[in-house]
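J.: Output the structure for:
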Amino acid sequence: MDANGPKLTVAPRSTAASDYQHVPRPVAVVRKPLPAGSGTGLHFHIRAQLLYATAGLMSASAEDGTWVVPEGHALWIPPRLPHATVTHGPVALCTAYLDPAAVDSFPMFCRVIAVSPLLAAALTALAEEPVLYDEAGRGGHLAALVLDEIGRAPETPLTLPLPRDARLRRVCLGLIEDPAAAEDLDAWADRAGASRRTLTRRFRTETGLSFGDWRARARVIRALALAAEGGPPGAVAAAVGYRSAQALRSTVARVLGGGGPP
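T.: All right, here's what the predicted structure looks like:
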């Protein structure tokens, strides 16, 4: 006890996802740092999830795609969707768990969104409110703002959709495993056991991208992860099939619609 009376200690907020799945509030937010190389393995949550990287870069994968989540972006994950995540370098994470009833009109597939300054501020402020915040007070207003901003947020091209066709999927997994592979479309068609025409047509039908655009996006996504892990620009470029860092930067700019790492 000091001159001002007994010291009161506040229990630290839990960072366990399981503690937020049945909270009687539409939005529950928790912040936590993650060390480099942290991985979850395949899992799912009862609630929808928004993974917001306030610093660093992480990636996620599911049956239908792969995503990268750099600083200032967030991954929207629908309820009960199995997924796995891994960090590339240290990451500061702000996670919102959302009641399925509050997001029943939201997309039922993953997507990476750009986090607006308003959404970032609302998430940070809600993380500082009690978990059982007053729904008629500041906490409730912040939760409503979070939901509104997620619904309005623009999707980014940091998504690598995976086809369901087994032949195309073999091609995609091969490119993910070795993004520097130099084989052309004909060689990949032979490996898949399909004609060039079939591979081209079905690739666009199942992924929404041409083969060339999908491969460029796969290379950019891997390059972002390697750069976040501290890889030098030249080595990152070579690892994903480019002769120079400038050539890779040109592809990054084309794929992402502007400049950016590495």
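J.: From here on, just use CA atoms for contacts and neighbour counts.
T.: Fine.
J.: Give me the neighbour count for residue 49.
T.: 27 (other C-alpha atoms under 10 Å).
J.: Would you mind naming the residues that bridge with it?
T.: Going by DSSP bridges, residue 49 is paired in beta bridges with residue 77, residue 97.
J.: Make 317 the starting number, not 1.
T.: All right, first residue 317 from here; so that's residue 365.
J.: Do you know the pLDDT at it?
T.: What the model reports for residue 365 is a pLDDT of 97.
J.: Also residue 472?
T.: So residue 472 comes in at 92 (pLDDT).
J.: Check the gap between it and residue 410 for me.
T.: Look at residue 472 and residue 410: by C-alpha to C-alpha, to the nearest Å, they are 19 Å apart.
J.: And the two? Which one has more around it.
T.: residue 410 (21 against 14).
J.: give me every residue that touches the more buried one.
T.: The neighbours of residue 410, taking C-alpha atoms under 8 Å, 6 or more residues apart in numbering as the test, are 345-348, 367-370, 439-440.
J.: Can I have the buried ones of the residues you listed as a ChimeraX selection?
T.: Remark: buried members of the contacts of residue 410, expressed as a ChimeraX selection using 16 or more other C-alpha atoms under 10 Å:
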select :345,346,347,367,368,369,370,439,440
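J.: Among the contacts of residue 410, which lie within helices?
T.: Secondary structure assignment by DSSP state H places 439-440 of the contacts of residue 410 in helices.
J.: and which of the contacts of residue 410 is nearest residue 337?
T.: Residue 337 has its nearest neighbour among the contacts of residue 410 in residue 345, at 11.0 Å by C-alpha to C-alpha.
J.: what's the pLDDT at the closest residue in space to that closest one that isn't next to it in sequence?
T.: Once flanking residues are discounted, residue 345 sits nearest to residue 412: 4.3 Å by C-alpha to C-alpha, 6 or more residues apart in numbering. Note for residue 412: predicted pLDDT of 98.
J.: And residue 456, by the same measure?
T.: The model reports residue 456 with a pLDDT of 98.
J.: For it, what are phi and psi?
T.: Here is the backbone geometry of residue 456 (degrees, to the nearest 10): phi -60, psi -40.
J.: count of residues packed around residue 435?
T.: 19.
J.: Can you list the helices and strands that the host helix or strand of it packs against?
T.: Per DSSP states H and E, residue 435 falls inside helix 433-443. Here helix 433-443 is seen to pack against strand 343-350, strand 400-414, helix 454-468 when contacts are counted using 3 or more C-alpha pairs under 8 Å, 6 or more residues apart in numbering; DSSP states H and E.
J.: List the contacts of that helix.
T.: Counting contacts by C-alpha under 8 Å, 6+ apart, the residues outside helix 433-443 that touch it are 344-347, 410, 412, 455, 458-459, 461-462, 465-466.
J.: Pull out the buried positions in it.
T.: So for helix 433-443, counting by 16+ other C-alpha under 10 Å, buried means 435-436, 438-440, 442-443.
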